[in-house]
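> Mind folding the following:
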Amino acid sequence: MVPARKDSVIGRATREPTLRRQLLSLLILFTVGPLILTNAWGYLQSRRFFARSELRNARNVAALEAVGVFRFVHAKHNLVASVVAGNQHLFGLLRALATPDPVARASVTRALDTQLQAEAEESGAIEEFYVLSPKAILVGSSLHRRTAVGDPGAAICFHRGREVAAIDGIDYSGRRPALLLSAPIVDTAGTFLGVFCARVGFELQESLELHPRPHSSPTRLTLLGPGGRIIANTPDEPADLGGTLRDAAPGWKFAMDSWEGEFTTGRGHDIIAAYAPIPELGWGVLVQTPVKAALASLDVLKWQASVFALVLTTLVLLAVVIVARRLTEPLMALAEAARRSARGTLGVSVPPGGTAEVADLARSFNRMSTAVKESHDLLEQRIAERTHELKTSQEFSERLLNSIAQPVVVADRDLTVLQANQAAIRRYGQEIVGTHYNSAFECRGEPCGPSDPCGDCPLRTVFQTGRPAAADKLERLGEAEDVVNLQMFPVLAPGGEVEAVIQLRRIVTDERRIQAQMVNQEKLSAFGIIAAGVAHEIGNPLASIESQLRLAREAPAPGRVEQTLDIVSGEVQRIGRLLRELVSVTRKREDRTTRVSVEQVIQDVARLLRNDPRAKHVDFETRFSAEGLPVQAKEDHLIQVFLNLGLNALDAMPKGGALIFETCREERRVVARVKDSGSGVPDQARGHLFEPFFSTKAPGRGTGLGLFVSKGIVEALNGSLDLESTGPAGSVFRIDLPIAPGWAA
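Sure, this is the predicted structure:
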């Protein structure tokens with residue numbers, strides 16, 4: 001016993017580090033890992049936020065600086081104009097310069113210089129005020145200059161300032177770029193006395209009214225003139241003034257549209273830049289901030305978060321090691337019990353030990369093990385009971401299916417026959433189960449052609465529509481030929497898809513023969529009524545012929561024979577036309593379904609009904625909008641349907657009225673309506689209209705089978721015949737038939 005215990009202890013000692021390592025890995029994965037990912041994600045999100053915030057600040061500063069520059073230039077422009085406007089003292093000094101006395105002229109020049117110097121000191125940010133004579137000669141300056149030869153600023157000033165007060169541009173010829181302003185000097189009498197010019201210096205933090213920033217700030221503001229040349233910047237870098245940006249990054253541009261973004265300069269520095277144009281001046285303001293400086297506070301936060309994560313990781317590892325030691329042995333015992341249970345040993349239990357949670361886990365495991373054993377025993381008992389029930393249910397289903405006297409088969413979506421009752425096996429053979437539907441019923445042992453014999457059969461229709469369907473089929477087995485009525489019902493899967501189709505194949509040869517006799521009897525009855533009407537119509541021309549012949553025989557006269565022959569010929573033609581119309585409608589049709597035009601059938605029936613004596617005061621009307629769409633039917637049967645409805649309509653209008661036939665298309669169906677203006681169907685008769693031998697006519701006027709037979713004919717074509725409406729204004733019967741299969745329209 002001792003060696004076994006030693007081996008057990010050694011085994012536990014060998015397995016213990018593996019469990020501890022797994023526990024450590026899981027705790028690190030679900031604590032330290034998420035902490036590192038969270039910090040990294042937070043840092044990246046914060047960096048993105050800081051960058052967007054700094055970019056937004058740069059954009060706002062650039063926009064404010066652009067407004068400030070414009071206001072500054074506009075103010076200096078207004079200042080120059082105001083210094084000149086109405087300055088009588090200036091006008092007087094300039095007029096006094098015209099004196100030929102050199103001493104007096106020198107005195108006037110000094111006075112002019114003094115005044116310009118005072119104006120410049122009073123105005124502020126003015127480097128120089130100077131005046132050019134009408135001949136572009138420098139006659140006065142706040143800096144006491146005496147010549148303007150070769151001065152580009154003076155040339156620009158004189159050229160533009162002769163006409164109006166103007167902003168002449170930037171003079172880059174000096175140590176610093178300067179703004180040139182000018183205004184014409186015209187006294188009250190309209191005399192042009194010269195041009196007043198000003199040179200305005202730029203000090204960004206003073207002149208442009210920008211936000212004051214410390215000298216050590218890494219943010220750089222640059223004022224760009226036409227063509228992107230530098231006018232002023234901060235911090236001051238005089239070497240750049242008048243030139244262009246030396247470390248411009250790809251993507252920078254001097255434009256009249258604002259822009260911002262992160263760039264890498266030509267010197268390899270990552271910066272945040274924003275540009276705001278000054279469209280009125282053709283200038284722009286560029287703000288640049290190094291990305292490293294913008295995110296300096298974020299770097300401090302990053303190191304703080306890293307230290308916190310390191311400390312937290314250390315604490316978690318210490319806690320994991322302590323907890324793992326207390327969990328190892330009880331959990332190993334629990335794991336061993338679980339392995340024994342997994343190998344099939346039921347009812348295994350472990351002694352509770354370790355922490356309260358682990359002990360509770362052991363007790364729960366013991367309860368679970370006991371419950372599993374009890375459930376297993378109960379499950380085996382229920383499986384045996386359920387198996388017996390399923391076997392009994394299957395046997396009952398088979399008996400129920402075999403008790404049906406007519407053949408029943410079940411086919412899946414691949415048209416494979418899954419099951420057949422005994423009636424089907426006796427009629428078609430045992431081999432139909434498991435074979436394809438085409439081989440079992442459509443081809444019957446003969447090779448099927450390349451086309452699918454069941455391509456458009458009702459079985460396919462049930463799978464496509466999910467609705468029951470029915471059809472008649474002529475089936476030949478050996479020497480016998482039977483009419484089989486196919487009734488198909490879908491078997492739906494839980495998702496609503498058609499999983500299989502149950503097909504009942506009922507032999508209806510005798511029923512169809514009786515039905516055909518009934519249809520033929522009703523047809524003969526309807527045609528008998530029409531024939532009586534035609535006979536009545538023939539009686540009138542015959543009476544006319546007889547009277548004409550008698551007159552010709554009793555009172556012969558010159559020309560009387562010719563007149564009699566003309567009248568007799570016309571009446572004979574009338575009789576012939578009536579007989580042709582009757583024969584054309586009642587002629588023997590093909591006893592098979594073909595594509596039949598409903599509109600053509602209606603025209604034939606309407607032409608025949610017009611000869612009925614009851615139609616003398618009835619107006620016939622046809623309204624066709626079905627575009628001549630055909631239906632698959634027997635033409636003779638369709639004629640009988642519309643003839644029955646038309647005769648009923650004439651019976652409903654004994655005093656005359658209107659009989660309307662109309663057609664229309666509704667999706668893949670042809671709808672025909674027969675409307676009359678009679679008194680309508682009585683309320684007590686509406687529920688019995690389509691019952692056999694029911695009639696609202698007087699005795700001897702009908703068989704009571706017309707509507708019953710007509711409804712049977714229409715429903716055999718997968719259509720419907722209904723009373724759509726009735727009332728004092730008349731009745732409307734609706735016939736709904738599917739368009740012939742394969743008809744593309």
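> For the stretch 451-600 of the chain, give me the ranges with low pLDDT.
Residue ranges of the stretch 451-600 of the chain with pLDDT under 70: 451-456, 478-480, 508-591.
> give me that answer again for 80
Scanning the stretch 451-600 of the chain for pLDDT under 80 picks out 451-461, 470-485, 506-593.
> same question, the stretch 151-300 of the chain
Along the stretch 151-300 of the chain, segments meeting pLDDT under 80 span 151-156, 160-161, 163, 168, 171-176, 201-219, 227-228, 233-256, 265-269, 292-300.
> rerun at 50
205-216 (pLDDT under 50).
> which residue ranges form the strands in it?
Counting by DSSP state E, counting those that start in this stretch, the stretch 151-300 of the chain has these strands, from start to end: 166-171, 178-186, 192-201, 220-224, 230-234, 259-264, 270-278, 283-290.
> can you point me to the longest helix in the protein?
For the chain, the helix that runs over the most residues, judged by DSSP state H, is helix 33-84.
> what's the angle between that one and strand 178-186?
With axes from the mean of the first three to the mean of the last three CA atoms, to 10 degrees applied, the angle from helix 33-84 to strand 178-186 works out at 30 degrees.
> For residue 314, which of the strands of the stretch 151-300 of the chain is the nearest?
Nearest to residue 314, of all these, is strand 270-278, at 34.9 Å by CB to CB. Placement of C-beta: from N, CA and C, glycine included.
> List phi and psi for residue 117.
For residue 117, the backbone dihedrals (degrees, to the nearest 10) come out as phi -70, psi -40.
> thinking it is in contact with residue 142, fair?
Yes. Using CB atoms under 8 Å, residue 117 makes contact with residue 142 at a distance of 4.2 Å.
> Mind listing the shared neighbours of these two?
Contact criterion CB atoms under 8 Å, 6 or more residues apart in numbering; residues shared by residue 117 and residue 142: residue 129.
> who's more crowded, those two?
Neighbours were counted for residue 117 and for residue 142 using other CB atoms under 10 Å; residue 142 has more, 24 against 17.
> what about residue 94, neighbour count?
By the criterion of other CB under 10 Å, residue 94 has 23 neighbours.
> Domain parsing of this structure, as residue ranges.
With domains defined by automatic domain parsing, the chain comprises 85-201, 220-295, 404-505, 514-738.
> Could I get these in a markdown table, plus columns for distance to residue 387?
Listed next are the domains of the chain as a markdown table, based on distance: least, CB to CB, whole Å:
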| stretch | distance to residue 387 |
| --- | --- |
| domain 85-201 | 101 |
| domain 220-295 | 73 |
| domain 404-505 | 21 |
| domain 514-738 | 44 |
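> what's the distance between the spatially closest residue to residue 132 that is not a sequence neighbour and residue 81?
Of all residues not flanking residue 132 in the chain, residue 195 sits nearest, at 4.5 Å (CB to CB, 6 or more residues apart in numbering). Residue 195 sits at a distance of 13 Å from residue 81 (criterion: CB to CB, to the nearest Å).
> Can you check which residues contact both of the two?
Common contact partners of residue 195 and residue 81 (CB under 8 Å, 6+ apart): residue 183.
> What's the local residue count around the closest residue to residue 228 other than its chain neighbours?
Of all residues not flanking residue 228 in the chain, residue 254 sits nearest, at 3.5 Å (CB to CB, 6+ apart). By other CB under 10 Å, 19 other residues sit near residue 254.
> can you pull the contacts of residue 254?
Residue 254 neighbours (CB under 8 Å, 6+ apart): 224, 227, 228, 284.
> now, which of those residues sits nearest residue 486?
residue 284 (85.9 Å).
> what bridges to that closest one?
Counting by DSSP bridges, residue 284 forms beta bridges with residue 224, residue 277.
> now it: how far from residue 258?
Counting by CB to CB, the separation of residue 284 from residue 258 is 9 Å.
> okay, the two: which has more neighbours?
residue 284 (28 against 15).
> Contact partners for the more buried one?
Contacts of residue 284 (CB under 8 Å, 6+ apart): 66, 223, 224, 228, 254, 255, 275, 276, 277, 278.
> For residue 342, grab phi and psi.
phi -70, psi -30.
> swap in the one 3 residues further on?
Here is the backbone geometry of residue 345 (degrees, to the nearest 10): phi -80, psi 110.
> Quick check: pLDDT value at it.
On the pLDDT scale, residue 345 is placed at 78.
> same thing with residue 735?
Residue 735 carries a pLDDT value of 94.
> do the same with the one 4 residues further on
For residue 739, the model assigns a pLDDT of 89.
> if I read this right, it contacts residue 663, doesn't it?
No. In this structure, residue 739 is not within contact of residue 663 by CB under 8 Å, at 11.9 Å.
> which neighbours do these two share?
What both residue 739 and residue 663 touch, as defined by CB under 8 Å, 6+ apart, is the set residue 670.
> Mind checking the strands of the stretch 151-300 of the chain for the one nearest to residue 466?
Shortest distance between residue 466 and those, using CB to CB, is found for strand 259-264: 59.6 Å.
> what kind of secondary structure is residue 740 in?
coil (DSSP: H, G, I helix; E, B strand; the rest coil).
> and it, how many neighbours?
18.
> And stretch 649-665, how far out from the chain middle?
A distance of 48 Å separates the centroid of the chain from that of stretch 649-665, by CA atoms, centre = their mean, to the nearest Å.
> Put the alpha carbons of that stretch into CSV.
Output in CSV follows, covering the C-alpha atoms of stretch 649-665 (Å, rounded to 0.1, in the frame of the first residue of the first chain):
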residue,chain,number,x,y,z
ALA,A,649,-77.9,36.2,-68.4
LEU,A,650,-80.5,36.3,-71.1
ASP,A,651,-83.0,34.6,-68.8
ALA,A,652,-82.3,37.2,-66.1
MET,A,653,-83.2,40.0,-68.6
PRO,A,654,-86.7,39.1,-70.0
LYS,A,655,-87.4,42.8,-70.8
GLY,A,656,-84.0,43.4,-72.4
GLY,A,657,-80.9,45.1,-71.1
ALA,A,658,-77.1,44.8,-71.6
LEU,A,659,-74.9,41.8,-71.7
ILE,A,660,-71.1,42.5,-71.4
PHE,A,661,-68.2,40.1,-71.9
GLU,A,662,-64.8,41.5,-70.8
THR,A,663,-61.3,40.1,-70.2
CYS,A,664,-58.2,41.3,-68.5
ARG,A,665,-54.8,40.0,-67.4
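> how about that stretch: buried residues?
Judged by neighbour count (16 or more other CB atoms under 10 Å), stretch 649-665 contains these buried residues: 649, 650, 651, 652, 653, 657, 659, 660, 661, 662, 663.
> of those, closest to residue 464?
The shortest approach to residue 464 among the buried residues of stretch 649-665 belongs to residue 663, at 26.4 Å (CB to CB).
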